[in-house]
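Chemist: following is a predicted model, sequence given first.
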Amino acid sequence: MTDTQTYYHGSKADLHVGDLIAPGHASNYGSRKQAAFVYLSATLDAATWGAELAVGAGRGRIYIVEPTGAIEDDPNLTNKRFPGNPTRSYRSRAPFRVVGEVVEWQGHSAEQLQEMHAHLERLKQQGVEAIEE
């Protein structure tokens with residue numbers, strides 16, 4: 001049986017079908033340390049947050065990706081903020097292959113973005129990284 005689940009990755013990187021998103025690059029978040037994992041979600045909303053909150057210039061993008069290896073629940077969200085993983089957020093040490101792009105998507109409201117940025121700033125002031133590994 002094949003996995004028919006669609007997975008998304010939000011970013012500001014300009015990628016193309018066939019590209020690999022792999023660990024080892026600067027994280028899109030926090031202090032931008034080298035990422036030990038790559039992240040994806042099975043919900044468009046979580047990927048939208050990823051696209052909107054990623055650091056860097058350019059517009060947010062949401063890619064449709066397929067894992068090339070095992071994925072696990074993202075402990076940055078599931079253990080701390082959303083027990084049970086309702087955001088369906090995952091991570092992997094194996095790359096994801098870009099298989100498409102969601103060209104038309106609805107971003108969050110300016111008020112929601114302002115609230116999220118304020119929340120992330122409070123966490124930063126407390127010494128909490130958005131992504132720990």
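Modeler: Ah, there it is.
Chemist: next SSE downstream of the lowest-mean-pLDDT helix or strand in the chain?
Modeler: In the chain, the helix or strand scored least confidently by mean pLDDT, DSSP states H and E is helix 75-78, which has a mean of 68. Counting by DSSP states H and E, the next helix or strand C-terminal to helix 75-78 is strand 89-92.
Chemist: report the buried residues of that next one.
Modeler: 89, 90, 91, 92 (16 or more other Cβ atoms under 10 Å). Yep, even glycine has a C-beta here, placed from its N, CA and C like the rest.
Chemist: low-scoring stretches of the chain, by residue?
Modeler: Counting by pLDDT under 70, the chain has low-confidence residues at 1-3, 26-34, 76-84, 123, 127-133.
Chemist: apply 50 and report the result again.
Modeler: Applying pLDDT under 50 to the chain flags the ranges 1, 31.
Chemist: list the helices and strands the lengthiest helix in the chain packs on?
Modeler: Ordering each helix of the chain by length in residues (DSSP state H) puts helix 110-125 first. Here helix 110-125 touches helix 44-53, going by 3 or more Cβ pairs under 8 Å, 6 or more residues apart in numbering; DSSP states H and E.
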